[in-house]
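Visitor: Model the following, please.
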Amino acid sequence: MRVLHLHSSFNAGGKELRCAKLINAFGPGIEHDIVSAIPGAMGAKVAISPRARVNYPTDFPSLQGKPLPRRIERIAKAMAGYDLVLTYNWGAMDAVMAHTLLGPRMGLPPLVHHEDGFNADEAIKLKTSRNWYRRLALAHAEVLVVPSRQLEHIALTAWAQPRGKVHRIANGIQTSDYGRKARRDALPRVIKHDDESWLGTIAGLREVKNLPRLVRAFSHLPDNWQLVILGEGPEREAILKQAMALDVGYRVHMPGFIADPAKVIGLFDLFALSSDSEQFPISVVEAMAAGLAVVSTDVGDVAQMVSEANRPYVIPKERESDYVDALEALALDPVGRKKVGEANRTRARAEFDEATMVAAYRQAYAKAMKRERFG
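Guide: Purely as a prediction, here's the structure:
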């Protein structure tokens, strides 16, 4: 079986790492070709097992550009010869359109589209033109997969997709991997000292993650607290600039992307998410599985994801002073912090284990291919 993956980017983010996990879980019986709309953005390769059969074709037509007829035709022709096409987010939507316009005539394989959220340009309000384009492009897709209730609602209303096409599949992780104690030198260039407490986050360093907001809130915590941001991206300098302006640069650490968060997240004492837009952030599930309390902006499904004990610390994003108060309350209350974290761990293990996610994706892909089983 040959599967084509068309990504808006294959840098190491939530959807990309989920894709890598699924490829690993599906095993070597399936061959995967992975294309990124952004040339060279392939950082998630490191999370794919060497046993998986994966190729990274460099001659696939560009997924970027105007949807002109000749370009759309080239993309459609390049999708021929596969058994299943998987597309991801707005950056691959021209391929979805090519499949709808030319797929029936060319006999193209079934297509499953995945939508995981929005960049900064749609964080506040969806663009009407993109809503209409998605409506048209998705007409011939067999399945649309979304991770959150919010995106499910958008798919059914703004994008006018039929209920039977939309599959909501919660992101999952191998929760049993997240109970380990991390070595204090597990991160590159940063060592945790006995007198320190760590506020941590895992995020691509992108504008929509609004990490300067997290730096501002962190600056109110006592001097023994350190902020550790795991991830890479274009906003690195803006984050450092905010830290230096607040005179906390010496307490803010960005050791880069970590391929296996389960090995290091145990160093954190408290987890924070500061995004302007999310849907079902897998980093929150990782923090919960590690037994951490979470302070987060009220975005996507976060308030429904965390335990009931954690919900008072999910704050509307415009209320930055309340976000600071939530951080301070948990930072200064280790007993309460541990209680909330344990409630999160219990919920993660019950609701968000990787085996449940993999089974749901197998079912969705099998449905698209009109088979009993995928893989």
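Visitor: what's near enough to touch the residue nearest to residue 248 when sequence neighbours are not counted?
Guide: Computed as C-beta to C-beta, 6 or more residues apart in numbering, the closest residue to residue 248 that is not its neighbour in sequence is residue 219, at 4.9 Å. Any C-beta I mention is one placed from the backbone N, CA and C, and that applies to glycine too. Counting by C-beta atoms under 8 Å, 6 or more residues apart in numbering, residue 219 makes contact with 246, 247, 248.
Visitor: likewise residue 159?
Guide: Counting by C-beta under 8 Å, 6+ apart, residue 159 makes contact with 131, 134, 135, 138, 144.
Visitor: Throw together a PyMOL command that grabs the buried residues out of these.
Guide: For the buried members of the contacts of residue 159, the matching PyMOL selection, counting by 16 or more other C-beta atoms under 10 Å, is:
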select buried, resi 134+138+144
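Visitor: Just give me the closest of the contacts of residue 159 to residue 230.
Guide: For the contacts of residue 159, the closest approach to residue 230 (C-beta to C-beta) belongs to residue 144, at 30.4 Å.
Visitor: quick one: the closest one and residue 89, what's the gap?
Guide: 12 Å (C-beta to C-beta, to the nearest Å).
Visitor: Equivalent analysis for residue 236, please.
Guide: When distance is defined by C-beta to C-beta, residue 236 is 22 Å away from residue 89.
Visitor: More neighbours: those two, which one.
Guide: For residue 236 versus residue 89, the count of surrounding residues by other C-beta atoms under 10 Å is larger for residue 89: 19 against 15.
Visitor: For residue 27, see how far away the more buried one is.
Guide: Noted for residue 89: a distance of 25 Å to residue 27, by C-beta to C-beta.
Visitor: ok, back up a step: give me the common contacts of residue 144 and residue 89.
Guide: Contact criterion C-beta under 8 Å, 6+ apart; residues shared by residue 144 and residue 89: 114, 115.
Visitor: which ones are touching residue 318?
Guide: Counting by C-beta under 8 Å, 6+ apart, there are no residues that residue 318 touches.
Visitor: What secondary structure category should be reported for it?
Guide: For residue 318, the reduced secondary structure class is coil; criterion used: DSSP: H, G, I helix; E, B strand; the rest coil.
Visitor: So for it, what pLDDT did the model give?
Guide: Per-residue pLDDT puts residue 318 at 96.
Visitor: That one and residue 298: what is the separation?
Guide: When C-beta to C-beta is applied, the distance between residue 318 and residue 298 equals 10 Å.
Visitor: Over to residue 290?
Guide: Residue 290 is 22 Å from residue 298, by C-beta to C-beta.
Visitor: Over to residue 115?
Guide: Using C-beta to C-beta, one gets 20 Å for the distance from residue 115 to residue 298.
Visitor: Please say which of these two ends up with more neighbours.
Guide: Between residue 115 and residue 298, counted using other C-beta under 10 Å, residue 115 has the larger neighbour count: 25 against 15.
Visitor: For the residue nearest to that one when sequence neighbours are not counted, grab the count of nearby residues.
Guide: In space, not counting the residues next to it along the chain, residue 115 is nearest to residue 146; the distance is 5.3 Å by C-beta to C-beta, 6+ apart. Summarising burial for residue 146: neighbours were counted as other C-beta under 10 Å, giving 24.
Visitor: give the contact list for residue 146.
Guide: 114, 115, 116, 152, 154, 155, 166, 167, 168, 169, 279.
Visitor: 10 Å instead, please
Guide: Taking C-beta atoms under 10 Å, 6 or more residues apart in numbering as the contact definition, residue 146 lies against 113-117, 152-156, 161, 166-169, 279-280.
Visitor: Buried only: go through the residues you listed for me.
Guide: Buried residues within the contacts of residue 146, counting neighbours by 16+ other C-beta under 10 Å: 113-117, 152, 154-156, 161, 166-169, 279-280.
Visitor: just checking, which of those residues belong to helices?
Guide: If you go by DSSP state H, those have 152, 154, 155, 156 in helices.
Visitor: Test my guess that the first one contacts residue 166.
Guide: Yes - between residue 152 and residue 166 a contact is recorded at 6.0 Å, counting by C-beta atoms under 10 Å.
Visitor: any shared contact partners between these two?
Guide: Common neighbours of residue 152 and residue 166 (criterion: C-beta under 10 Å, 6+ apart): 115, 144, 146.
Visitor: Would you mark the buried spots in the helix or strand where residue 133 lies?
Guide: Assigned by DSSP states H and E, residue 133 belongs to helix 128-137. Residues of helix 128-137 classed as buried under the neighbour-count rule (16+ other C-beta under 10 Å) are 130, 133, 134, 137.
Visitor: Need the per-residue pLDDT for residue 209.
Guide: At residue 209 the predicted local distance difference test score is 96.
Visitor: And it, how close does it get to residue 162?
Guide: Using C-beta to C-beta, we find residue 209 at a distance of 33 Å from residue 162.
Visitor: Which one's more surrounded, the two?
Guide: A side-by-side neighbour count of residue 209 and residue 162, using other C-beta under 10 Å, places residue 209 first with 27 against 10.
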